[in-house]
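**Q** this one's sequence-less:
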């Protein structure tokens, strides 16, 4: 009959969408709070919600949060997590998270059967003594018992609770920098769920993990600093000012003892002693290089300059320039592996393959529009195509293209979890991370952040 007379009505199914929120970093006396929603159960009944508002209730008032997603479908939540809301709020103590549920339904065969909402304003108590400190970035998680929320197949009475972030285990953990909200998110790589966040002022971009000291190095572009962060807690232990540079654009630290920084505007390469917090050396490369990499096989630094269309090889001890290699076609990234040098050629939408020893071009293959970054796993090289929202896959043993994987808007930096066989791809425009199953080379899920991610690093 289409719709039961017992129910209030029916509607066609709309796919829920999440949006990237343009929230600024927290100001003086403010904190930033992000809210996620999840269902622990792998099986769901099929409930659907339309949320009208999310508010943080505290001693100093009620603060509305911006919704990143109004419609919540439990089938989309089965075994996963979604970003819900975010805002800058006054620092202080808070007692509850208040949700207003405008509509609810039970989804059957693609049709929403409307349920009557019992108590549409839901007050979810926060953990006791919940505090937000100034300049802090914190995350809250709504855990929804979806099955218990549906009463007699006709009424919806939300059964939800809120948990705050807890100190995670370093195993199966990753970090994601989001410079537009001065935040680094912590992600469990076994579930691909956000489990916490912490603030890093000054637009955090590049990340390096030091496994010996269990520290995270976070470079800030606007602040021109390196934050030394205790990885398990997100607490900043030291802040090292990057001297003689206004806008650092890249960082690598192969040993955790020194940080190598590119000054994009001045064209300088800096070597910073991370133990002493001082400048060790500085050399002018010229050509306004924007990309820096460590070549493990030859123990060299390489800087890439689109302006001079060159790759600059640098000795890491003395910072002397060993060689400048002209490659052309606006190089944007480089990777060395098994006797070859791979170079993304942004303006010609191609990948240049060079013999590492002779520096001679061996082959040039077409990829997607505006290739920006490279990542190698086993015998496959992944190329992120920034303007065509795709990854190109190259089989390195045969130097031939396999196929493309379509991902979200503006794919950029990549990372991997070897334990779980995931490849992670930053999708800047849509504010999330694509999760690719390496065994099948297809997107299997997303980690939603609601803000533009820049880089992700995993703890292996």
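**A** Nice, thanks for sending it over. This structure is a prediction, so every number in the text was calculated from the model and none was measured.
**Q** domain parsing for this protein?
**A** The record's domain split for the chain, according to automatic domain parsing, is 10-164, 173-459.
**Q** Show the average pLDDT along the first one.
**A** Mean pLDDT, taken over the full extent of domain 10-164, equals 90.
**Q** partners of the closest residue to residue 46 other than its chain neighbours in the sheet?
**A** Distances taken as C-beta to C-beta, 6 or more residues apart in numbering put residue 107 closest to residue 46, at 4.2 Å, once the chain neighbours are dropped. Heads up, the C-betas are built off the backbone N, CA and C, glycines and all. Partner residues in beta bridges with residue 107, using DSSP bridges, are residue 112.
**Q** Now do the contacts for residue 107.
**A** 13, 46, 47, 48, 73, 75, 113 (C-beta atoms under 8 Å, 6 or more residues apart in numbering).
**Q** Same question for residue 64.
**A** 53, 54, 55, 87 are the contacts of residue 64 under C-beta under 8 Å, 6+ apart.
**Q** neighbour-wise, which of those leads?
**A** Using other C-beta atoms under 10 Å as the neighbour criterion, residue 54 leads these with 26 neighbours.
**Q** What distance do you get for that one to residue 214?
**A** Separation of residue 54 from residue 214 (C-beta to C-beta, to the nearest Å) stands at 35 Å.
**Q** of the contacts of residue 107, closest to residue 147?
**A** Residue 147 lies nearest to residue 47 out of the contacts of residue 107, by C-beta to C-beta, at 8.3 Å.
**Q** Make sure that closest one is actually in contact with residue 71.
**A** No - here residue 47 lies out of contact with residue 71, judged by C-beta atoms under 8 Å, at a distance of 11.6 Å.
**Q** If you count surrounding residues, which of the two has more?
**A** Neighbours were tallied for residue 47 and for residue 71 using other C-beta under 10 Å; the higher tally belongs to residue 47 (24 against 17).
**Q** Contact partners for the residue nearest to that one when sequence neighbours are not counted?
**A** Distance criterion C-beta to C-beta, 6+ apart; nearest residue to residue 47, sequence neighbours excluded, is residue 74 at 4.6 Å. Residues near residue 74 by C-beta under 8 Å, 6+ apart: 39, 44, 45, 46, 47, 48, 144, 146.
**Q** how close does the residue lying closest to residue 168 once chain neighbours are set aside get to residue 131?
**A** Using C-beta to C-beta, 6+ apart and skipping residues adjacent in sequence, the residue nearest residue 168 is residue 195, 5.0 Å away. According to C-beta to C-beta, residue 195 stands 19 Å off from residue 131.
**Q** quick one, which of those two is more surrounded?
**A** Between residue 195 and residue 131, counted using other C-beta under 10 Å, the more crowded position is residue 195 (19 against 13).
**Q** wait, what's in contact with the more buried one?
**A** Residue 195 neighbours (C-beta under 8 Å, 6+ apart): 139, 165, 166, 168, 173, 186, 187, 188.
**Q** Show me which of these is closest to residue 433.
**A** residue 187 (7.6 Å).
**Q** Please list all residues in contact with that closest one.
**A** 173, 174, 175, 176, 193, 194, 195, 433, 447, 456.
**Q** For residue 166, see how far away it is.
**A** 14 Å.
**Q** swap in residue 92?
**A** On the measure of C-beta to C-beta, residue 92 and residue 166 end up 21 Å apart.
**Q** Look at those two and report which has more neighbours.
**A** Comparing residue 92 with residue 166 by other C-beta under 10 Å, the one with more neighbours is residue 92, at 17 against 10.
**Q** Name the residues linked to that one by a beta bridge.
**A** residue 132.
**Q** Surely it touches residue 129?
**A** No - contact status for residue 92 versus residue 129: not in contact, 11.8 Å apart, counting by C-beta under 8 Å.
**Q** Strands of the stretch 301-450 of the chain, residue ranges please.
**A** 310-314, 321-326, 331-337, 340-345, 350-355, 361-366, 371-377, 380-385, 390-395, 400-406, 411-417, 422-427, 432-437, 442-448 (DSSP state E, counting those that start in this stretch).
**Q** thinking residue 31 is in contact with residue 137, fair?
**A** Yes - at 7.1 Å, residue 31 and residue 137 qualify as touching, with contact defined as C-beta under 8 Å.
**Q** got any residues that touch both of those two?
**A** Taking C-beta under 8 Å, 6+ apart as the criterion, residue 31 and residue 137 both touch residue 199.
**Q** Comparing these two, which residue is more hemmed in?
**A** residue 137 (26 against 22).
**Q** how much space between that one and residue 198?
**A** With C-beta to C-beta as the criterion, residue 137 and residue 198 are 6 Å apart.
**Q** hey, what's residue 392 bridged with?
**A** Residues in beta-bridge contact with residue 392 (DSSP bridges): residue 383, residue 404.
**Q** Is it in contact with residue 385, as I believe?
**A** Yes - in terms of C-beta under 8 Å, residue 392 counts as a neighbour of residue 385; the distance is 6.1 Å.
**Q** Can you pull the residues that touch both of those two?
**A** Counting by C-beta under 8 Å, 6+ apart, the shared contacts of residue 392 and residue 385 are 367, 368, 371, 404.
**Q** Which of those are buried? Put it as a ChimeraX command.
**A** Only the buried entries of these go into this ChimeraX selection, using 16 or more other C-beta atoms under 10 Å:
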select :367,368,371,404
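**Q** how deep is residue 81 tucked in, by neighbour count?
**A** 25.
**Q** didn't it look like it was pressed against residue 38?
**A** Yes - counting by C-beta under 8 Å, residue 38 is a contact partner of residue 81 at 4.0 Å.
**Q** any common contacting residues for these two?
**A** 141, 193.
**Q** To which secondary structure element is residue 236 assigned?
**A** strand 235-241 (DSSP states H and E).
**Q** Look at residue 179 and report its pLDDT.
**A** Listed pLDDT for residue 179 reads 97.
**Q** quick revisit: just the buried ones from the contacts of residue 107?
**A** 13, 46, 47, 48, 73, 113.
**Q** Among these, which one lies nearest to residue 340?
**A** Closest to residue 340, out of all of the buried ones among the contacts of residue 107 and judged by C-beta to C-beta, is residue 73, at 45.9 Å.
**Q** What's the separation between the closest one and residue 80?
**A** 11 Å.
**Q** Next: residue 157.
**A** Counting by C-beta to C-beta, the gap from residue 157 to residue 80 is 24 Å.
**Q** Please apply the same query to residue 61.
**A** 33 Å.
**Q** of these two, who's got more company?
**A** Between residue 61 and residue 80, residue 80 has the larger neighbour count (other C-beta under 10 Å), namely 17 against 11.
**Q** For the residue nearest to residue 238 when sequence neighbours are not counted, pull up the helix or strand it's in.
**A** Nearest in space to residue 238, with sequence neighbours left out and distances taken as C-beta to C-beta, 6+ apart, is residue 228 at 4.1 Å. Using DSSP H and E, the element containing residue 228 is strand 225-230.
**Q** Adjacent strands (with direction) for that strand?
**A** Checking strand 225-230 against DSSP bridges gives partners strand 215-220 (antiparallel), strand 235-241 (antiparallel).
**Q** can you tell me the distance between the two ends of stretch 240-254?
**A** 17 Å (C-alpha to C-alpha, to the nearest Å).
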